[in-house]
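Student: Just a sequence and a predicted model for now, questions to come.
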Amino acid sequence: MRAAVRQGVSVALATGLYGISFGALSVVAGVGVLPTMALSLLLFSGGSQFALIGVVAAGGSPVAAVATAALLGARNTLYGAVVAPLLGARGLRRLAAAQVTIDESTAVAVAQTDRRAARAGFWTAGVGVFVLWNAFTLVGALAGDALGDPRAWGLDAAAAAAFLALVWPRLASRAAQGVAAAAVVVSAALVPVVPPGIPVLAAAAAAVLVGVLTGPRPASPAALAAHGPTTGGGTPGHAPDDATDESDESEARTP
């Protein structure tokens, strides 16, 4: 548990400091200090927040900005399905857990080897990021308010660069690279001809389509029944390969 807490604290510090960038970029994009703080307090999703101010800075419509942010925020629903069985939270505690279910808290939780450590890591990272992200958002917003024209500092392109930095580590696999390439081609083709925000939504639709067409197919019920259940430790929600191998060997030895 101590290791999980240390990991959560380190993640919270690194991510929280990044809130300075969001606060500054949001204000120089034309979003006021109070709306900027409301985004960090209520939306609290770094990717969605950067996407929203990116559309606003480009002159896109509020509808396109909100739709883009909501589309990116939908991934947190999948995170909830992963961490909910680990936390077992109820009532107000469950609402608090939903608010701090983000990339970082989910990653720290699922990296642990037992449920108590997973809970400690989740809450440390989630609450730590929430507190520090909002504190440094305010620092960045106050600093950004004094910067003036963002083009004089090159900040008109910084939102896109910051969002790319968030996405880049997730492009390790060939499948992810293919999906990203399709999204880039679609968005680049649409940027000159449609309003800001629309290329992002179209690129997301293209990415989903490519993922569906090229992603792994689920095993049939007959195959699952023949393979039998697997048990063991490892990442929550996934049976480890060695557990599957041991199960197969055990079946082979059974008369």
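Tutor: Ah, there it is.
Student: what residues are up against the residue most central in space within the chain?
Tutor: Nearest residue to the geometric centre of the chain (CA atoms, centre = their mean): D103, 4.2 Å. By CB atoms under 8 Å, 6 or more residues apart in numbering, D103 lies in contact with 46-47, 79. Quick note: C-beta positions are derived from backbone N, CA and C, even for glycine.
Student: what do you get for A51?
Tutor: By CB under 8 Å, 6+ apart, A51 lies in contact with 65, 68-69, 72, 163, 200.
Student: quick one: which helix or strand includes the nearest residue in space to A51 that is not next to it in sequence?
Tutor: Distance criterion CB to CB, 6 or more residues apart in numbering; nearest residue to A51, sequence neighbours excluded, is T68 at 4.8 Å. Counting by DSSP states H and E, the element that carries T68 is helix 62-73.
Student: Give me the lowest-pLDDT entry from the contacts of A51.
Tutor: On pLDDT alone, F163 ranks lowest of the contacts of A51, at 56.
Student: Would you mind pulling up the elements that the helix or strand containing S187 packs against?
Tutor: Using DSSP H and E, S187 sits within helix 174-190. Judged by 3 or more CB pairs under 8 Å, 6 or more residues apart in numbering; DSSP states H and E, helix 174-190 is in contact with helix 198-214.
Student: for the helix it packs on, the distance to its chain's centre please.
Tutor: For helix 198-214, the separation from the chain centroid amounts to 17 Å (computed by CA atoms, centre = their mean, to the nearest Å).
Student: From the rest of the structure, what touches it?
Tutor: Contacts to helix 198-214, defined as CB under 8 Å, 6+ apart, come from residues 51, 55, 60, 64, 67-68, 71-72, 175, 178-180, 182-188, 190-191, 194.
Student: for this protein, what are the low-confidence residue spans?
Tutor: Along the chain, the model assigns pLDDT under 70 to residues 145, 147-167, 170, 196-197, 215-255.
Student: Now do the contacts for S105.
Tutor: Counting by CB under 8 Å, 6+ apart, S105 has contacts 8, 83, 121-123, 125-126, 129.
Student: out of the residues you listed, who's nearest M37?
Tutor: Distance to M37, by CB to CB, is smallest for V129 among the contacts of S105, at 15.7 Å.
Student: Relative to A97, how far out is that closest one?
Tutor: 13 Å (CB to CB, to the nearest Å).
Student: Determine which two of the contacts of S105 are furthest apart.
Tutor: Farthest-apart pair in the contacts of S105 is V83 and V129; separation 14.2 Å (CB to CB).
Student: more crowded one of these two?
Tutor: Comparing V83 with V129 by other CB atoms under 10 Å, the one with more neighbours is V129, at 27 against 23.
Student: Give the other helices and strands that the helix or strand hosting that one contacts.
Tutor: Taking DSSP H and E as the criterion, V129 maps to helix 115-145. Packing contacts for helix 115-145, counted by 3+ CB pairs under 8 Å, 6+ apart, involve helix 2-17, helix 19-28, helix 33-38, helix 75-87, helix 91-99, helix 103-110.
Student: Now distance to A206 too, for the ones you listed, in JSON lines please.
Tutor: Below are these laid out as JSON lines (distance: least, CB to CB, whole Å):
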{"stretch": "helix 2-17", "distance to A206": "29"}
{"stretch": "helix 19-28", "distance to A206": "26"}
{"stretch": "helix 33-38", "distance to A206": "31"}
{"stretch": "helix 75-87", "distance to A206": "17"}
{"stretch": "helix 91-99", "distance to A206": "30"}
{"stretch": "helix 103-110", "distance to A206": "23"}
